[in-house]
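# structure, please.
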Amino acid sequence: MTSTAAATGTRSTVRTWFITGATSGIGRALTTAALGRGDNVTVLARRTEQFSDLATEHAERVLLIDTDVRDAESVGAAVQRTLDRFGRIDVVANNAGFGVFGAVEEASDAQARAIFDTNVFGVLNVLRATLPVLRKQRSGHLLQGSSYYGQTAHPGVGMLAATKYAVEGLTDALVGEVAPLGIKVTLVEPGPTATAFLSNLDVAATDSDYDQTVREVQRAIGALPAEAFNAPERVATAILAAVDAEQPPLRLATGSAAARDMRAALQARLDELDTWAEVTNAVDTPAA
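Sure, this is the predicted structure:
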């Protein structure tokens, strides 16, 4: 079904969404958009009392569950409650995550483990809990929350990029594993977006040796104008278009800045492969 059909109200079925990290930003916008078009939504967040307005307005179509994606048992219980309430799951928005800012060396072991626990192992907890349902249905769409930092990085975002690269790697394998089972997969790669993400960053302790790199990036980000950040509602609209598509993309960049930076990173990799092709190919074992 095309996004045009959905927009004109001709979509014949009601979907059930399972959305993590829905407290604010893209998760909140996606929740509101899905409910606005008549779908059912299970909202997973650490504190769902912030959704009392949606629970009142869409009482029959929204299920609020306080859940920490790091807790596999609680995620599994949320899946069961969703099935008890709505009978199925059609779209899983694996959206929970946060960022750590600082040089790779500056990030403490505790900070590195904490971001991987949520951004990678939390993603795996959601996949392990929902995939048995989607496999049984032989249908469904996984929306893997990544970032343009899943394809590129710069000083200060090493820990965040490491988690997003990990999600992209496991998803590249996952898509081939579940395609024969009727399950679609899309990596959502937002560029700068007007959310609480930056204000909620965990910041590493600083070392002056990184002032000319990491701190310069920090200042540059702080100097960006408001128009450099995309509205979460526009990102949600792009995600809905992918979900409605007959053949959704494996990767969905949102915003021209994301596309530009990822294109530059990919081109640089291709150029380096070409530059070093002679050395690379010389490693091959000569034919007998």
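# what helices or strands is the strand or helix carrying residue 144 leaning on?
For residue 144, the host element (DSSP states H and E) is strand 140-145. The criterion is 3 or more Cβ pairs under 8 Å, 6 or more residues apart in numbering; DSSP states H and E, and the helices and strands that strand 140-145 contacts are strand 91-94, helix 122-137, helix 158-178, strand 183-190, helix 232-244. C-beta coordinates here come from the backbone N, C-alpha and C atoms, glycine included.
# now for the first one, which elements pack on it?
Read it as strand 91-94. Here strand 91-94 touches strand 16-20, helix 25-36, helix 122-137, strand 140-145, going by 3+ Cβ pairs under 8 Å, 6+ apart.
# pLDDT on the third one, on average?
I take that to be helix 122-137. Here helix 122-137 scores 98 as its mean pLDDT.
# can you name the residues in contact with it?
Residues from elsewhere that reach helix 122-137 (Cβ atoms under 8 Å, 6 or more residues apart in numbering): 18, 20, 69-72, 75-76, 78-79, 83, 88-89, 92, 94, 96-97, 140, 142, 144-145, 167, 170, 174, 178, 181-183.
# ok, the shortest one next?
Residues from elsewhere that reach strand 16-20, judged by Cβ under 8 Å, 6+ apart: 27, 30-31, 34, 39-45, 67, 69, 78-79, 82, 86-96, 122, 126, 130.
# make it 7 Å
Strand 16-20 has contacts (Cβ atoms under 7 Å, 6 or more residues apart in numbering) with 27, 30-31, 34, 39-44, 69, 82, 86, 88-96, 126, 130.
# thinking again about what came up before, out of the helices and strands packed on strand 140-145, deepest packed?
By mean neighbour count, with neighbours taken as mean count of other Cβ atoms under 10 Å, strand 91-94 ranks first of the helices and strands packed on strand 140-145 at a mean of 26.
# so what secondary structure elements neighbour the very next helix or strand once past it?
Downstream of strand 91-94, the first helix or strand assigned by DSSP H and E is strand 100-101. Contact here means 3 or more Cβ pairs under 7 Å, 6 or more residues apart in numbering; DSSP states H and E; on that basis strand 100-101 packs against no helix or strand.
# switch to numbering from 43
That works, and once the first residue is 43, the last one we named lands at strand 142-143.
# what strands flank strand 142-143, and is each parallel or antiparallel?
With DSSP bridges as the test, strand 142-143 is paired with strand 244-245 (parallel).
# what residues of the next helix-or-strand element following the strand it pairs with count as buried?
Later in the chain than strand 244-245, the nearest helix or strand by DSSP H and E is helix 258-264. Within helix 258-264, the residues that count as buried by 16 or more other Cβ atoms under 10 Å are 259-260.
# mean confidence (pLDDT) on helix 258-264, please.
On average, helix 258-264 scores 91.
# ok, now stretch 219-234?
97.
# what is the end-to-end distance of it?
The straight-line separation of the ends of stretch 219-234 (Cα to Cα, to the nearest Å) is 31 Å.
# about what we covered before: what's the closest of the helices and strands packed on strand 182-187 to residue 327?
Residue 327 lies closest to helix 200-220 among these, at 27.1 Å (Cβ to Cβ).
# ok, back up a step: mind putting the helices and strands packed on strand 182-187 in CSV, distance to residue 252 included?
Formatted as CSV, those follow (distance: least, Cβ to Cβ, whole Å):
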stretch, distance to residue 252
strand 133-136, 32
helix 164-179, 28
helix 200-220, 11
strand 225-232, 26
helix 274-286, 31
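# cool, thanks, talk later.
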